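Trainee: sequence isn't available, so here's the structure alone:
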């Protein structure tokens, strides 16, 4: 389905491609960090933090570009919302990555790793959707798959937290992992928010 965001200002699309690239790298590094130990995890978390800072810079650039474009149609507000949703996902990845490193969690249990993998899968779908801007693609299928993954994540997080209380003997580790799981699940919710924003924009351009 054709998808035209800001048809009068195609240069703004470049900001979303840059945001998508940063999200893709951050989600990849999060999966690596989920199976890393101590120093390596801290190094990866620092790299993700730099990506998050760059994402903040892109948001400021986007707002400046929109403010200077003098477009009076509803599209600039759509762009601001989409940019904000992208930034929310990157913030969520950084929040989770920081806690994995700061709490010195030596590799996540299987459920935690699966949540990280779901984040990466959602981001890949988002990137594919953005890359199809202005072309006939599978955007609706991508967004449906993100929603399916969000539902899977709910189940994985609940099962994972239940297993922590059943199998972990270290109470402090239980609390650390539970908090990490909750941040990971919240980040997947934010991925669904991106899908919803893309769906709304797409619907306006039918």
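Mentor: Everything's here; your move. Just so it is clear, the model here is predicted, and its values are computed rather than measured.

Trainee: the bottom helix or strand of the chain by mean pLDDT?
Mentor: helix 38-69 (a mean of 87; mean pLDDT, DSSP states H and E).

Trainee: can you give me the buried ones in it?
Mentor: Applying a neighbour-count criterion of 16 or more other CB atoms under 10 Å, one finds 41-42, 44-45, 47-48, 51-52, 54-55, 58-59, 62-63, 65-66, 69 buried in helix 38-69. For glycine as for every other residue, the C-beta is placed from the backbone atoms N, C-alpha and C.

Trainee: residues contacting the closest residue to residue 160 other than its chain neighbours?
Mentor: Counting by CB to CB, 6 or more residues apart in numbering, residue 111 is the residue found nearest to residue 160 once chain neighbours are left out, at 3.0 Å. Neighbouring residues of residue 111 by CB atoms under 8 Å, 6 or more residues apart in numbering: 156, 157, 159, 160, 163, 181.

Trainee: buried residues, the longest helix seen in the chain. List them.
Mentor: Assignment by DSSP state H gives helix 171-204 as the longest helix of the chain. Residues of helix 171-204 classed as buried by neighbour count (16+ other CB under 10 Å): 174, 176-177, 180-181, 183-185, 187-188, 190-195, 197-199, 201-202.

Trainee: distance of the most centrally placed residue in the chain from residue 169?
Mentor: The centroid of the chain falls nearest to residue 89 when counting by CA atoms, centre = their mean (3.3 Å). Residue 89 is 34 Å from residue 169, where distance means CB to CB, to the nearest Å.

Trainee: likewise residue 17?
Mentor: To residue 169, residue 17 is 47 Å away according to CB to CB.

Trainee: now do the same for the residue of the chain most remote from its centre: helix, strand or coil?
Mentor: For the chain, the largest distance from the centre (CA atoms, centre = their mean) belongs to residue 169, which lies 32.0 Å off. Look at residue 169: counting by DSSP: H, G, I helix; E, B strand; the rest coil, its state is coil.

Trainee: and the pLDDT at it?
Mentor: pLDDT recorded at residue 169 is 91.

Trainee: contacting residues for it?
Mentor: Applying CB under 8 Å, 6+ apart to residue 169 gives no contacts.

Trainee: quick one, phi/psi of it?
Mentor: Taking degrees, to the nearest 10, you get phi -100, psi -20 for the backbone angles of residue 169.

Trainee: re the thing from before, which of the contacts of residue 111 lies closest to residue 77?
Mentor: Nearest to residue 77 out of these is residue 157 (CB to CB; 32.5 Å).

Trainee: for the closest one, grab the count of nearby residues.
Mentor: Residues within reach of residue 157, counting by other CB atoms under 10 Å, total 22.

Trainee: ok, for it, nearest residue in space, not its chain neighbours?
Mentor: Using CB to CB, 6+ apart, the closest residue to residue 157 is residue 185 (4.2 Å).

Trainee: could you work out the end-to-end span of stretch 100-109 for me?
Mentor: 12 Å (CA to CA, to the nearest Å).

Trainee: what are the contacting residues of it?
Mentor: Against stretch 100-109 from outside (CB under 8 Å, 6+ apart): 33-38, 41-42, 44-46, 99, 113, 116, 160, 163-164, 173, 176-177, 180.
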